[in-house]
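Trainee: Everything below, folded, please.
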Amino acid sequence: MEDANGEAVDLLIRQQQDSINQGELDLHGFYVDEAIDCVEDVLDQHRQADQSGRHQLTVITGKGLHSTDGVAKIRPAVIAYLEKHKYKYTLSPGVITVDIQRGARATPRPRGNKQECCLIC
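Mentor: All right, here's what the predicted structure looks like:
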């Protein structure tokens, strides 16, 4: 089941690779752990792509309206990740805009044996 889930995540990411390259990541359809892994990978990808200054990543989390009991799960997890790694961000309904400082590297999150989110396939 985990393998099939990992393949589904890879497919979702590949489908939105153009948007990711433009600075937008849509996390609809992801589980919380997958979403956090992908946010980390995309932030690393954008930080390493250009050392010329600041850049923003728009992370579409949604409002949690389709979550169990209508309670958001991905949005608070992404915010906690960003705070833990000291990213600056702004909040809008369903969206988090992250300020990426080039060259600075956040501490990687341990992933254990879980399949990683593939962004450059």
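
Trainee: for the chain, longest helix please?
Mentor: Secondary structure of the chain per DSSP state H: the longest helix is helix 32-49.

Trainee: Quick check: buried residues in that one?
Mentor: 34-43, 46-47 (16 or more other CB atoms under 10 Å). In short, each C-beta sits where N, CA and C put it, glycine included.

Trainee: now swap in stretch 84-98 and tell me
Mentor: Buried residues in stretch 84-98 (16+ other CB under 10 Å): 85, 87, 89, 95-96, 98.

Trainee: Would you mind checking the average pLDDT for stretch 44-52?
Mentor: Stretch 44-52 shows a mean pLDDT of 69.

Trainee: ugh, wrong one, I meant stretch 90-101
Mentor: 92.

Trainee: now that stretch, how far from the chain's geometric center?
Mentor: With CA atoms, centre = their mean, to the nearest Å as the basis, stretch 90-101 stands 11 Å off its chain's centre.

Trainee: got the end-to-end distance for it?
Mentor: By CA to CA, to the nearest Å, the extent of stretch 90-101 from end to end equals 15 Å.

Trainee: Can I get the buried residues of helix 32-49 in JSON lines including distance to Ala80?
Mentor: Output for the buried residues of helix 32-49, formatted as JSON lines (distance: CB to CB, whole Å):
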{"residue": "Glu34", "distance to Ala80": "15"}
{"residue": "Ala35", "distance to Ala80": "12"}
{"residue": "Ile36", "distance to Ala80": "9"}
{"residue": "Asp37", "distance to Ala80": "14"}
{"residue": "Cys38", "distance to Ala80": "15"}
{"residue": "Val39", "distance to Ala80": "11"}
{"residue": "Glu40", "distance to Ala80": "12"}
{"residue": "Asp41", "distance to Ala80": "17"}
{"residue": "Val42", "distance to Ala80": "17"}
{"residue": "Leu43", "distance to Ala80": "14"}
{"residue": "His46", "distance to Ala80": "20"}
{"residue": "Arg47", "distance to Ala80": "19"}
